[in-house]
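Trainee: Below is the structure, and that's it, no one-letter string:
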């Protein structure tokens, strides 16, 4: 199963639109947002996605009520951490901050997190994948990115959004 993953968009509408284009082009079956959309006006570009969205709030949401209302037609959004099962049975642990899951011993296959604005992926001793898609906004490091996750063989690749838009 192919899943688009993004986070830390911080109201950057151009890069949110670019992320949507990438996810649609890649024919993602699900998109997961792992926090810090910030404002409700950042929700409408997500309506162009051709698949459902699962999302969690981050630590910088300025309008949780508005964002939650907007997500009702996209999919679901909740307080992290929480688990979700994909159509192929993959167990996702979804959170904004990795520190929120350090003590969790629950069963999951892939942990999706953000907050650091730096893309990374690694496997723990149990073979579980941990994936941070980086920052969609590019505000902190100038490298706006998303991840394309394949649930089998549990790997991801990163897509730089400024290459998608031609921005520097």
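Mentor: Great, that's in hand. These numbers come from a predicted model, not from an experiment.
Trainee: what about the residue nearest to residue 82 when sequence neighbours are not counted, neighbour count?
Mentor: Distances taken as C-beta to C-beta, 6 or more residues apart in numbering place residue 94 nearest to residue 82, at 5.8 Å, with adjacent residues excluded. Quick note: C-beta positions are derived from backbone N, CA and C, even for glycine. Residue 94 has 25 neighbouring residues, counting by other C-beta atoms under 10 Å.
Trainee: from here on, count from 50
Mentor: From this message on, residue numbering opens at 50, which makes the last subject residue 143.
Trainee: Show me what the least confident helix or strand in the chain by mean pLDDT is packed against.
Mentor: Least confident helix or strand of the chain, by mean pLDDT, DSSP states H and E, is helix 210-214 with a mean of 79. For helix 210-214, the packing partners by 3 or more C-beta pairs under 8 Å, 6 or more residues apart in numbering; DSSP states H and E come out as helix 62-74.
Trainee: Distance from the chain centre to the helix it packs on, please.
Mentor: Offset of helix 62-74 from its chain centre (C-alpha atoms, centre = their mean, to the nearest Å): 12 Å.
Trainee: Show me the strands paired with the helix or strand following that helix, marking each as parallel or antiparallel.
Mentor: Counting by DSSP states H and E, the next helix or strand C-terminal to helix 62-74 is strand 79-83. The pairing partners recorded for strand 79-83 under DSSP bridges are strand 51-55 (parallel), strand 102-105 (parallel).
Trainee: ok, now how distant is the residue lying farthest from the centre of the chain from residue 104?
Mentor: Note on the chain: the largest C-alpha distance from the chain mean falls to residue 174, namely 23.6 Å (C-alpha atoms, centre = their mean). Shown here: residue 174 relative to residue 104, a distance of 29 Å by C-beta to C-beta, to the nearest Å.
Trainee: Tell me which of the strands paired with strand 79-83 is the most buried.
Mentor: Between the strands paired with strand 79-83, strand 51-55 has the highest mean count of neighbours, a mean of 26, where neighbours are mean count of other C-beta atoms under 10 Å.
Trainee: could you give the angle of it to helix 62-74?
Mentor: Strand 51-55 and helix 62-74 meet at an angle of 170 degrees, taking axes from the mean of the first three to the mean of the last three C-alpha atoms, to 10 degrees as the criterion.
Trainee: circling back to that earlier point, dump the strands paired with strand 79-83 to CSV, plus distance to residue 121 and mean pLDDT.
Mentor: What follows is these, written out as CSV (distance: least, C-beta to C-beta, whole Å; pLDDT from 0 to 100):
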stretch, distance to residue 121, mean pLDDT
strand 51-55, 19, 98
strand 102-105, 11, 96
